[in-house]
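In: Next comes the sequence, and after it the predicted model I'd like to discuss.
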2 protein chains.
Amino acid sequence: MDLKKLLRPSSIAVIGANDKNGFGKSTCMNLLSSPLKDHIYFVNPKREELFGKKCYPNIRELPETIDMCIVILNKKLVSGALEEAASVGCKTAVVYASGYGETGDKEAEQELRDLCRKHDLAVMGVNCAGYINNLDGIFAFGMLVKREAVPGNIAIISQSGKICLNMMQMDHMNYSYLISSGNSTCIHIEDYLEYLIEDDETRVIGLYLEGVKDPEKFTRVLAMAAKKRKPIVIMKVGKTSKGSALAASHTGSLSGSDQSFDAVMKKFGVIRVDDIEELAEMCHLLSVIPMLPPSTGLSAMCLSGGETGICADMGTLMGLSYPELQPETAEKIRELLPGYATVANPLDMSATLAHDGPRYAEVIQAFMDDPSIGMILCGQTILEHHEVQDVIYPMSDGMVMAAKKRKKPIAVMSFFNSSRDKTIRKKLESEGVPILPATGGGFKLLKYLMDFVAYVPEDHTLKLAIPESSGGETKALSERESKLELKKYGVDVPAEYVVSDKAKLKELKLTWPVAAKIESPDILHKSDVGGVKLNIRNLEELEAAFDEVVTNAKTHCPDARINGVLVSRMLPPGREFIIGVNNDPQFGPMVLCGLGGVFVEVFKDVSLYPAPLNRKEALQMIRSLKGYKLLTAYRGQKEGDVEALADMIVQIADYAAKNKDTLAELDLNPVFVYPKGEGVAMADALVVKKI
Amino acid sequence: MDLKKLLRPSSIAVIGANDKNGFGKSTCMNLLSSPLKDHIYFVNPKREELFGKKCYPNIRELPETIDMCIVILNKKLVSGALEEAASVGCKTAVVYASGYGETGDKEAEQELRDLCRKHDLAVMGVNCAGYINNLDGIFAFGMLVKREAVPGNIAIISQSGKICLNMMQMDHMNYSYLISSGNSTCIHIEDYLEYLIEDDETRVIGLYLEGVKDPEKFTRVLAMAAKKRKPIVIMKVGKTSKGSALAASHTGSLSGSDQSFDAVMKKFGVIRVDDIEELAEMCHLLSVIPMLPPSTGLSAMCLSGGETGICADMGTLMGLSYPELQPETAEKIRELLPGYATVANPLDMSATLAHDGPRYAEVIQAFMDDPSIGMILCGQTILEHHEVQDVIYPMSDGMVMAAKKRKKPIAVMSFFNSSRDKTIRKKLESEGVPILPATGGGFKLLKYLMDFVAYVPEDHTLKLAIPESSGGETKALSERESKLELKKYGVDVPAEYVVSDKAKLKELKLTWPVAAKIESPDILHKSDVGGVKLNIRNLEELEAAFDEVVTNAKTHCPDARINGVLVSRMLPPGREFIIGVNNDPQFGPMVLCGLGGVFVEVFKDVSLYPAPLNRKEALQMIRSLKGYKLLTAYRGQKEGDVEALADMIVQIADYAAKNKDTLAELDLNPVFVYPKGEGVAMADALVVKKI
């Protein structure tokens, strides 16, 4: 598939060109004013000419070999047109036609897919609105596009044509490409992504996603982007069951759980935003700033105490950090401000500086020179028709002066949205100073930005263990079988015995007290059937316990296969922890951990992360728990052995990744965490395999 | 104080009128074009005329008695001007002058305050920018205001002049009043609030607040508003320590804790927003909709699956409810949509309805007729220069048709902010259909709205127990003293004995086992000094325990006054709960509750609510805990006696309210919660009093 020929063609044929209102006419008009215009050909056997341009009866009669065709025909005629185009060497196309999988005709869609494969065609669509290549001025798009669009560095891929269209119309966004991917019958989102990650003109990629079709390629290209530090911003529908049902019915994408998707985004350093407004504005921010902040420390400066207070509140609540200023910075700023001003970060400059651009620039410069500051935020509402231009102009002059040094990014915090005067905006943004959305929204973008800055691709294992297939029958292993399975992957399993003959109990070398548990692949909740006896202090008690658990098991589960009784040393009690694995149908094994009991069940305090994972990732999982404090030296308890716990999580993830096609789920509950240096121990294990 | 004369004067004198750029010139020009113009008088002894209008040497020589004067003089001349005005019967004024408390001259501010009291003056300011009365076209404001402002029903009071000014410039907001309150030297925020709550022209009041000066009046007027169901929207700086330090330095307001403030807002049904953009947009929403939703059920309808999915996700995550449609509603809608559409809420109407306004209106109407739906949300991005007007026009026509019935509110969810075409906006908003901010922001407003709809003033005790003074020395009571104190207010205290003479132990009538605890007002952490012995099974053990706790106490706290040993029946264990009271310096006793131990300490899972409170409020406190589930029938445990727990919280709140001036803090930790019908019991109590 040649995406370059599709997206940057030297010649285009419009198959089914016409002048009726709708996609046909709009496409023709979009192309007529294109720089390529002498290499645009209209094809329609019923017309001699269209819009004053010659019309050809078919693609075979065109005077040159065509790079790309746009097919404006209805579903029935699409395959014929593509075959004909392929026969004369045109192997890329945009197809608008709808009525395929999205309305239930999956067969027609599969036929088209097969056709593309057969001829190695690169087809955008079906059920799409085409694309805009703003770099070369090629608007292969079904709705009329304004010519004045400025070439930029934001690429958008959208599964929804409507959202793509709306994005296009935002004046302040400068795009390289806008792609309405439609049903992704032939070219997948992942293919466009790969192209755009490699495209030097594109600096940030925004993706409106309803579902992932090829998780393996998807994550492979995300890893490419992570290593290149090229930001990808994703808005994905389906955070709730209502939303995901709607998204699935819309595109028919197979969707895994949203939590898994979210964990994958974290691993690959993707910026996942919550709505499409954030998608647009986050791309805009990344598009305008001349460089990423060198560090995550933020400074803010405002002209009033109230606005400074708002920046302090919102930034802090959002989890951003305002570092203390270095003494030299504070000293420099003190000299620039009136005597009564308090020098701090965020900084209330007082209104006196509002009219003095050069001095305003010097304050920004002082922040820029401070090694603990990564970015400077200038608080200033910039309203439409602003009447206090004697303030705005000097301030924006100051920002521009400082921005010209290109040392660290500067952004403007505007406290109201219904505003952002276009002249000021252009002046600032052309110097790399974006105006952020109003308060809450703007600080949220800064948090996304700083999380991206803090992400270090080298700290992550940038691959997943994607299973070959999903679903199917499963079978559980017994506790002992589960533990032995894990032992092969380095997980420490205590010495223990499965005894099927009570008479053999006396031959065991035991350290008292011990536990006796029924050992059966068919009894998963052993306690519930009286299958567990703890704190057994001697042989006599053990023999009684043997009888009891076997009898209980046989009474409650008459059909269960019983391997015997598992006798193991009583583990000393420790802080209870849970490690689990779910196998996401799309993204493979997801490791979950949390503190045991109510912390997981009531407070939902868990970390989820895709396997395989490394020690840093495991430590991050543990530390991101709200209840992490309970593993530290807290209330007279010794610090827990978090290092050993991380090691166990890594081993479990390794096991899960290596068994991605056979593992259905895994549950270690509880794992005891002992004081630092004393390790961890799993007290129970359950492995469920696919069969 | 006559606020009506201040805000709706029939005649105005401008003292110190001038034509230099700045507040003086702008004020004059604002007033010259006012409908009052024949009753506007300029006073300046140095000028014969100004702007073609006669200038008077002083206020005494004006031809009529003046309602209000605007003082454009610097600080030194202000008092003289006010006295002179008062001497001719003008008792209301706007004073712009700065340099008072806000820059450290608290003395000058106090003198001015005394002067106002002496003459019963109503003075706005100092350090303010004046006000705009949009109802009568009176712009008593220090910066030039556009004439075309439309009279509306939003009143804004802002402690920050800058924020007030910015708000004014928002085209889509229609105000009754905009008040820049400045330092509130004489007229407090609370006074303006009271005026506006009683003002029939004002439908919603927005408040930008840095701190409260008169908590008693503040809460009294909030109660008035709550009972009238007039919405008050408050943005208060100071959510974090950084922010509150900045806000305090700005206005010098005494501030209590932000959590207390938040709890007070909940009690009085105030809409507290997080930033000033939300403040503006929330006021706008409440200003435009023709009525409050009759219930909290939301419906949403969009033209694409993607947008419908976003509405489902965002609404659900925000805690809004999309009720299932009644069968008749579903049937009606099914008939209006194409066959392949799925009828649900939120509703994906599919694009086919985009061109059919009347049918679109019928779908809205069907939702309106559904008793479970309180409001209808129409998802549609309305961009500036929208090229697909063949969609927007029919849809907005449909909305207008449905809106004319004025049955239930309709709002538009626009998925992008940089847009909202002004023509469409006017058309819709004049019919009571607001366009909400983009996705996340818009759904947050809907959540605020529905919380306001769900608030029932009758369910709340709309008063606080504001203490006379704050701070001061404190002294702790012993456990027994604390319990006896609470017993007077109905709190159930178990039978127990304070024994100072070991020999008397054998005379006690005890139910074994018992606990023995050192009884001393000087030992607050009894366990830490070995002052507690539990599970004592007989007299012999009790006598030994007596010696032990006394010896331990004397060893560890040689200076402690010891009342003896508190002997009490061991309480059967129950679910542990904590009830506490802090006495907020501004808003008085705040009752806090939560599940004991790590739930409070690590997960910060507590409810806070101002005393006094009623049973409904207490139940709401308990149910709003994240860990509430642990008090229900959970994991084989019986349901806890939540009713009895609520009763105890009410009693504690009652005690705290009645002792607002003497109670410093209170701590019941733990309170045991027993199964339903078996009550609750406090196992320990600590009351700290002010002395």
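Out: Thanks, I have it.
In: check contacts around the residue most central in space within chain A.
Out: Centre of chain A computed as the mean C-alpha position; nearest residue by CA atoms, centre = their mean is A:Met265, 3.0 Å away. Contact partners of A:Met265, counting by CB atoms under 8 Å, 6 or more residues apart in numbering or on different chains, are A:Ile234, A:Ile271, A:Arg272. Glycine gets a C-beta too; all of them are placed from N, C-alpha and C.
In: Quick check: which element contains it?
Out: In the assignment (DSSP states H and E), A:Met265 maps to helix A:258-267.
In: How about A:Leu144?
Out: Assessed by DSSP H and E, A:Leu144 sits outside every helix and strand.
In: Look up the closest residue to it, ignoring the ones flanking it.
Out: Across the structure, with CB to CB, 6 or more residues apart in numbering or on different chains as the measure, the residue nearest A:Leu144 apart from its sequence neighbours is A:Ser26 (4.6 Å).
In: Can you give me the pLDDT of the residue of the stretch 51-200 of chain A found nearest chain B?
Out: The stretch 51-200 of chain A approaches chain B most closely through A:Ser160 (3.8 Å), counting by CB to the nearest CB. For A:Ser160, the pLDDT comes out at 80.
In: Next one: it from B:Asp348, what distance?
Out: Using CB to CB, to the nearest Å, one obtains 12 Å as the distance from A:Ser160 to B:Asp348.
In: model confidence over the helix holding A:Met265, on average?
Out: 94.
In: can you give me the offset of it from its chain's centre?
Out: For helix A:258-267, the distance between its averaged C-alpha position and the chain's averaged C-alpha position is 6 Å (CA atoms, centre = their mean, to the nearest Å).
In: The following helix or strand past it pairs with which strands, parallel or anti?
Out: For helix A:258-267, the following helix or strand on the C-terminal side (DSSP H and E) is strand A:271-273. Strand pairing for strand A:271-273, determined by DSSP bridges: strand A:232-236 (parallel).
In: and the strand it pairs with, C-alpha only, in CSV?
Out: Coordinates of each C-alpha in strand A:232-236 appear next as CSV, following Å, rounded to 0.1, in the frame of the first residue of the first chain:
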residue,chain,number,x,y,z
ILE,A,232,0.0,11.4,19.9
VAL,A,233,-3.2,12.7,21.4
ILE,A,234,-6.1,10.3,21.5
MET,A,235,-9.8,10.8,22.3
LYS,A,236,-11.5,7.5,22.5
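In: Could you check the angle that strand makes with helix A:258-267?
Out: Using axes from the mean of the first three to the mean of the last three CA atoms, to 10 degrees, the direction of strand A:232-236 lies 170 degrees away from that of helix A:258-267.
In: So which bits of strand A:232-236 are buried?
Out: A:Ile232, A:Val233, A:Ile234, A:Met235, A:Lys236 (16 or more other CB atoms under 10 Å in any protein chain shown).
In: quick revisit: could the contacts of A:Met265 go into TSV alongside pLDDT?
Out: Putting these into TSV (pLDDT from 0 to 100) gives the following:
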residue	pLDDT
A:Ile234	97
A:Ile271	98
A:Arg272	97
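In: Of those, which is the nearest to A:Asp421?
Out: Closest to A:Asp421 out of the contacts of A:Met265 is A:Ile271 (27.9 Å), distances taken as CB to CB.
In: Surely that closest one is in contact with A:Met282?
Out: Yes: taking CB atoms under 8 Å as the definition, A:Ile271 is a contact partner of A:Met282 at 6.1 Å.
In: overlap in contacts of these two?
Out: Counting by CB under 8 Å, 6+ apart, the contacts common to A:Ile271 and A:Met282 are A:Val233, A:Tyr448.
In: where along the stretch 1-150 of chain A do the helices fall?
Out: Per DSSP state H, counting those that start in this stretch, the stretch 1-150 of chain A has helices spanning A:3-7, A:23-32, A:75-87, A:106-119. These are given in chain order.
In: Out of those helices, flag the one nearest A:Ser414.
Out: Nearest of the helices of the stretch 1-150 of chain A to A:Ser414, taken as CB to CB: helix A:23-32 at 33.7 Å.
In: who's in contact with the closest one?
Out: Residues from elsewhere that reach helix A:23-32, judged by CB under 8 Å, 6+ apart: A:12, A:14, A:16-19, A:37, A:40, A:42, A:50-51, A:53, A:70, A:72, A:96, A:129-130, A:138-145.
In: swap in stretch A:616-635?
Out: Contacts with stretch A:616-635, where a contact means CB under 8 Å, 6+ apart, come from A:267, A:459-461, A:575, A:577, A:591, A:593-595, A:599, A:603, A:605-607, A:609, A:613, A:639-640, A:642-643, A:645-647, A:649-650, A:653, A:673, B:598, B:601-603.
In: In helices only, show me these.
Out: The helices in this structure, assigned by DSSP state H, contain A:Lys267, A:Phe599, A:Val642, A:Glu643, A:Leu645, A:Ala646, A:Asp647, A:Ile649, A:Val650, A:Ala653, B:Val598, B:Glu601 from the contacts of stretch A:616-635.
In: Mind giving me the ChimeraX command for buried ones among those residues?
Out: Here the buried members of the ones in helices among the contacts of stretch A:616-635 are turned into a ChimeraX selection, burial being counted by 16+ other CB under 10 Å:
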select /A:267,599,642,645,646,647,649,650,653 /B:598
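In: isn't there a strand covering A:Val493?
Out: No: under the criterion used here (DSSP: H, G, I helix; E, B strand; the rest coil), A:Val493 is coil, not part of a strand.
In: That one: neighbour count?
Out: A count of neighbours around A:Val493, defined by other CB atoms under 10 Å in any protein chain shown, yields 17.
In: From A:Asp684, how far off is it?
Out: A:Val493 sits 12 Å away from A:Asp684 when distances are taken as CB to CB.
In: Check the burial of the closest residue in space to A:Tyr674 that isn't next to it in sequence by counting its neighbours.
Out: Residue nearest to A:Tyr674 in three dimensions, not counting chain neighbours: A:Gly574, with 4.6 Å by CB to CB, 6+ apart. Per other CB under 10 Å, the neighbour tally for A:Gly574 reads 19.
In: Give me the local confidence score for A:Asp356.
Out: The per-residue pLDDT of A:Asp356 was computed as 86.
In: What subset of the contacts of helix A:23-32 is buried?
Out: By the neighbour-count criterion of 16+ other CB under 10 Å, the contacts of helix A:23-32 include these buried positions: A:12, A:14, A:16-18, A:40, A:42, A:50, A:70, A:72, A:96, A:129-130, A:138-143, A:145.
In: Next, the closest residue to A:Cys116 other than its chain neighbours: secondary structure please.
Out: Here the nearest residue to A:Cys116 in space, its sequence neighbours aside, is A:Cys186; by CB to CB, 6+ apart that works out to 4.0 Å. Following three-state DSSP, the label given to A:Cys186 is coil.
In: Quick check: A:Cys186 touching A:Leu112?
Out: Yes: A:Cys186 is in contact with A:Leu112 according to CB under 8 Å; the separation is 7.2 Å.
In: which residues are in contact with both of these two?
Out: Common neighbours of A:Cys186 and A:Leu112 (criterion: CB under 8 Å, 6+ apart): A:Val123.
In: Identify the bridge partners of the nearest residue to A:Leu645 once chain neighbours are set aside.
Out: If the residues on either side of it in the chain are set aside, A:Leu645 comes closest to A:Val680, at 5.1 Å by CB to CB, 6+ apart. Here A:Val680 sits in beta bridges with A:Val673, going by DSSP bridges.
In: Just list the residues touching A:Val680, thanks.
Out: A:Val680 is in contact with A:Gly574, A:Phe577, A:Asp641, A:Ala644, A:Leu645, A:Met648, A:Val671, A:Phe672, A:Val673, A:Tyr674, counting by CB under 8 Å, 6+ apart.
In: Who wins on neighbours among these?
Out: Ranked by neighbour count under the definition other CB under 10 Å, the contacts of A:Val680 are headed by A:Phe577 with 27 neighbours.
In: what's the nearest residue to that one if we skip its chain neighbours?
Out: If the residues on either side of it in the chain are set aside, A:Phe577 comes closest to A:Val671, at 4.5 Å by CB to CB, 6+ apart.
In: got a pLDDT number for the one you found?
Out: Reading off the per-residue confidence, A:Val671 sits at a pLDDT of 96.
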